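K.L.:
Pasting the sequence and the predicted model now:
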Amino acid sequence: LLCLLSLDRFGDYVGDGVVAPVRETGAQALGASLLPLPPTAVEAVTRAVLVLLRRKEWEVRHSALLALRYVLAARASLAP
């Protein structure tokens, strides 16, 4: 799922915004897949997502933000 978030470049422009259904679904799946994992594994995935956040391509940064949204929604107990 991290590869999908890193490589997807499709965006459908609607008005003055963009809809990215593949990134959104991938981020949701990533968040859901973290539910049974131990906190150390969730932290490792979060660190990988934060690496994506530092990339220069806006699509990759958008993917990272979506992933963080769903990771924090799924595992709110791990948020600082």
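P.N.:
It's in. Numbering: from 1, shown residues only.
K.L.:
can you list the weak-confidence ranges in this protein?
P.N.:
By pLDDT under 70, the low-scoring segments of the chain are 80.
K.L.:
which stretches of it form strands?
P.N.:
According to DSSP state E, the chain carries its strands in the segments 12-14, 17-19.
K.L.:
for those, which one ends up most surrounded?
P.N.:
strand 17-19 (a mean of 11; mean count of other Cβ atoms under 10 Å). Heads up, the C-betas are built off the backbone N, CA and C, glycines and all.
K.L.:
on that earlier part again, looking at the strands of the chain, spot the one closest to residue 55.
P.N.:
Evaluated with Cβ to Cβ, the strands of the chain place strand 17-19 nearest to residue 55, the distance being 16.9 Å.
K.L.:
got a list of what residue 66 touches?
P.N.:
5, 20, 23-24, 26-27 (Cβ atoms under 8 Å, 6 or more residues apart in numbering).
K.L.:
can you redo the strands of the chain as TSV with distance to residue 69?
P.N.:
Below are the strands of the chain laid out as TSV (distance: least, Cβ to Cβ, whole Å):
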stretch	distance to residue 69
strand 12-14	19
strand 17-19	15
